[in-house]
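K.L.:
Here is a sequence together with a model predicted from it:
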Amino acid sequence: MAHSRSHIWFVGPAVILMFVILILPIFVAGIFSFTDYNLGSTDFRWIGWKNYEALGKYSAYRKMFTASLTYVVIVVPVSVFLGLGSAMLISSLRFGGEFYKAIFFLPVMATLLAMAYAWEFTLDPVMGVLNKVLDDGCSVGWFYKFFTGSWLGFNPTESWYGGLCSDRMPNWLGNKKYALGSIAFIGIWQAFGFNMVLYLAGLMAVPRDLYAAAEIDGANSTWEKFKLVTWPMLGPTHVFVVTITSIRSFQVFDTVEALTRGGPSKSTYVMVYAMFEKGVKQNLIGMGSTLTIVFLGFVLLLTLTQVFFINRKVHYS
Amino acid sequence: MAEIQLKGISKSFDENKVIKSLDLSIENGEFITIVGPSGCGKSTLLRIIAGLESQSSGDVIIDSREVNKVRASERDLAMVFQSYALYPHLSVQENLMVPLKLRRLSRLERFPLLNWFLPNRRSKIIELEEKVLQAAETLQITHLLGRKPGQLSGGQQQRVAVGRAMVREPVAFLMDEPLSNLDAALRVHMRAEISELHRTLKTTFIYVTHDQAEALTMSDRMAVMMDGEILQLDTPNEIYNKPFNLQVAEFIGSPKINILPAESDDKGEITCMGLTMSQSLRSPKQGNILLGLRPEHTDLLTSNSKNCFNGKITYKENLGSDIYLHVILKEGQHKMIVRTEPGKAIDTKIGDTVKIGLMVDKLMAFEKNGQYIPIKSES
């Protein structure tokens, strides 16, 4: 066969597009990360690793890593276990499963930015429905007893809720003690529906015969069957869910932008928000690029861990 | 070892009655096969015995203990599944250990980490490993112990599934079409091995299959099940030679039995397509009947004979040792399958007209509705 060059025409456009759209921007960001380029200025200087050194030097960036990692560490395990738990509960239902699926999946479908405003109203320190309930709860006997832990014999005035009752309800988004936790709570609320759907799909793929075999083999409690069949058979799903949730949690931005703008005192200053602040708001392209590259490094690390270490252990054939 | 009795078992899924008031009594150490076409309820019946499914009514009795309310895990039965249902994340050895660990170790001894501090655990585990090794040796799978099920061939997985069933010495084995995922040659081989295993273990085996060849070759007794009922329960020989009705006759035997229309007169004399048979009915009854004749009870004839049909060959199946000729009979255009030796059929071609001889003493007679009619044995 004569050498035809038609393959170039088939592959070429895709390769060029991939390069221009995906690879080139990363490459450019990599270059910019070694400069002090500002958007609008006509020239820039090479400053070597100074941008990267700044990440370690300034407390704002240290707070950024703390905020991002804390957020991931809270959101990933909680939303994964909630997702698994709700998926198992729903799949054990004889009817009504579709109803719960729809409800838990709603936050995933809704625009997070719009939902963030709804949360802002809920969490408002004065008018918010949450603080209203907590405030009124102080004078409801059983509610007060339950949340102060006095039904377990604790001293109600020393407890967290007891303290709030005698003082005032927290400013969920404005207090640096609570802000990241509140953002993480919204993140969990939003993410676990998605994880639930993934787990539901995973549970459907577990062969029924394995449960029958486990029962015959003497696994007579739900817990034994979960240990012997459900948990290991969900292996590939676990890896996928954890990876996806970690990456998505690293990417958290809309809630921060809408509710706290990184504050108070940088307690919710997550990486993507920092990127946005430096690169877009302050036009510091050099620093923005540096953050982008570091962020990319984190995500790449997660993905590679999945591919090289975990995937081998969870695919059994 | 166990005696298993089913009394008036019925099962419905919604409106659909899958099993209709079924009685079955299985003796200690017996190899019984439940055979029937797919959808006849045989797998459901097995799952009811196992306790994986609950019956709508009736009793399951194992060793004179009524177990209707007893969980599957407490019935002390073992089951081999069609899909093998091995735990894919565990090695073969761990798979075989599962039933032992779940039954012989206490909850505390199975608790992760904590169990390391329990004094007797180590010696118990060693004892169990010994049992696993014994089972593996019986099934010749010792070299596979370290592998995962995904790395095994179908036949090997099958052995592991049997191994997992036998390690803990259950009172009975339940097998749900265990060979149907294997290729033909291996299936024949495993048939012999499972029979052998039954002889060694001397335990009750209940074996469900849709393959009549498995049922005929392996069982002490077989139960032919159709539409949720057991039509006939007897030794393979009896069922093959004296089927309860036409349905059973047609289901058991491969190729299928030939069915031809015939008449009987008031003396019980049978005439089939102009040919008078030397056999007659035990209790004479005038009317139309059906005659059944298995392919191996027919043959090609070289010379004319009294009992002989003429027909045209439409298809020829050469199996090496036998040749099956599909023939359309001249009289009445009925289809028939004739077994013959290769020597006799070597020159025949499709389209040839041949003479077919019948072994009349093997004839079976059925009413129009399928009921078996006894034939007077040759005097």
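P.N.:
Alright, I've got the coordinates.
K.L.:
so the closest residue to chain B within the stretch 1-150 of chain A is in which element?
P.N.:
In the stretch 1-150 of chain A, the residue found nearest to chain B is A:Arg94; the distance is 12.9 Å by C-beta to the nearest C-beta. C-beta: built from backbone N, CA, C; applies to glycine. For A:Arg94, there is no helix or strand it lies in under DSSP states H and E.
K.L.:
before we move on, what about the one 4 residues further on?
P.N.:
Here A:Glu98, judged by DSSP H and E, is contained in helix A:97-109.
K.L.:
now A:Val206
P.N.:
Using DSSP H and E, A:Val206 sits within no helix or strand.
K.L.:
gap between whatever residue of the stretch 51-200 of chain B ends up closest to chain A and A:Phe105?
P.N.:
Residue nearest to chain A within the stretch 51-200 of chain B: B:Gly150 (3.0 Å; C-beta to the nearest C-beta). Relative to A:Phe105, B:Gly150 is positioned 33 Å away (C-beta to C-beta, to the nearest Å).
K.L.:
Spell out the secondary structure type for the spatially closest residue to B:Gln157 that is not a sequence neighbour.
P.N.:
Spatially, and ignoring its direct neighbours in sequence, B:Gln157 is nearest to B:Tyr84 (4.8 Å; C-beta to C-beta, 6 or more residues apart in numbering or on different chains). Secondary structure state of B:Tyr84, per DSSP: H, G, I helix; E, B strand; the rest coil, is coil.
K.L.:
neighbours of B:Tyr84, just the number please.
P.N.:
The number of residues packed near B:Tyr84 is 22, by other C-beta atoms under 10 Å in any protein chain shown.
K.L.:
I'd say it and B:Arg159 touch.
P.N.:
No: if you go by C-beta atoms under 8 Å, B:Tyr84 and B:Arg159 don't touch, sitting 9.6 Å apart.
K.L.:
Is my assumption valid that the residue of the stretch 51-200 of chain B closest to chain A occupies a position in a helix?
P.N.:
Yes: the assignment for B:Gly150 is a helix, going by three-state DSSP.
K.L.:
That one contacts B:Pro88, doesn't it?
P.N.:
Yes: using C-beta under 8 Å, B:Gly150 is in contact with B:Pro88, at 5.8 Å.
K.L.:
Looking at those two, which is more packed in?
P.N.:
Neighbour count, other C-beta under 10 Å: between B:Gly150 and B:Pro88, B:Pro88 has more, with 17 against 12.
K.L.:
so which helix or strand takes in the more buried one?
P.N.:
Applying DSSP H and E, one finds B:Pro88 in no helix or strand.
K.L.:
now A:Cys165
P.N.:
Using DSSP H and E, A:Cys165 sits in helix A:160-166.
K.L.:
other SSEs contacting that helix?
P.N.:
Identification of packing neighbours for helix A:160-166 by 3 or more C-beta pairs under 8 Å, 6 or more residues apart in numbering or on different chains; DSSP states H and E yields helix A:141-148.
K.L.:
And the contacts of the helix it packs on?
P.N.:
For helix A:141-148, contacts defined as C-beta atoms under 8 Å, 6 or more residues apart in numbering or on different chains pick out A:Gly137, A:Cys138, A:Ser150, A:Trp151, A:Phe154, A:Pro156, A:Thr157, A:Ser159, A:Tyr161, A:Gly162, A:Cys165.
K.L.:
Could you pick out the buried ones from these?
P.N.:
A:Gly137, A:Cys138, A:Ser150, A:Pro156, A:Ser159, A:Tyr161, A:Gly162, A:Cys165 (16 or more other C-beta atoms under 10 Å in any protein chain shown).
K.L.:
Can you tell me which member of those residues has the lowest pLDDT score?
P.N.:
The member of the buried ones among the contacts of helix A:141-148 with the lowest pLDDT is A:Pro156, and it reads 68.
K.L.:
and chain B, which residues reach chain A?
P.N.:
With the criterion set to C-beta under 8 Å from any C-beta of the partner chain, chain B comes near chain A through B:47, B:50-52, B:71-74, B:77-79, B:81-83, B:85-89, B:98-99, B:102-103, B:148-151, B:164.
K.L.:
Of those, keep whichever come out buried.
P.N.:
Buried subset of the residues of chain B next to chain A (neighbour count, 16+ other C-beta under 10 Å): B:47, B:50-52, B:72-73, B:77-79, B:81-83, B:85-89, B:98-99, B:102, B:148-149, B:164.
K.L.:
what about residue 297, neighbour count?
P.N.:
Assuming you mean chain A. When neighbours are counted by other C-beta under 10 Å, A:Gly297 registers 10.
K.L.:
To clarify, I was referring to chain B.
P.N.:
Close neighbours of B:His297, defined as other C-beta under 10 Å, add up to 19.
K.L.:
Tell me the residues of chain A that contact chain B?
P.N.:
Counting by C-beta under 8 Å from any C-beta, chain A comes close to chain B at A:207, A:209-210, A:212-220, A:224, A:228-229, A:232-233, A:235, A:316-317.
K.L.:
could you give the mean pLDDT of the helix ranked longest in chain A?
P.N.:
Identified as the longest helix of chain A according to DSSP state H is helix A:59-91. In this model, helix A:59-91 has an average pLDDT of 89.
K.L.:
what does stretch B:46-64 give?
P.N.:
The average pLDDT for stretch B:46-64 rounds to 89.
K.L.:
now stretch B:344-353
P.N.:
85.
K.L.:
Can you point out the buried residues in the longest helix of chain A?
P.N.:
A:60-61, A:63-68, A:70-72, A:74-76, A:78-80, A:82-84, A:86-88, A:90-91.
K.L.:
Remind me what it packs against, helices and strands.
P.N.:
Taking 3+ C-beta pairs under 8 Å, 6+ apart as the contact cut, helix A:59-91 packs with helix A:50-57, helix A:97-109, helix A:179-204, helix A:235-250, helix A:271-275.
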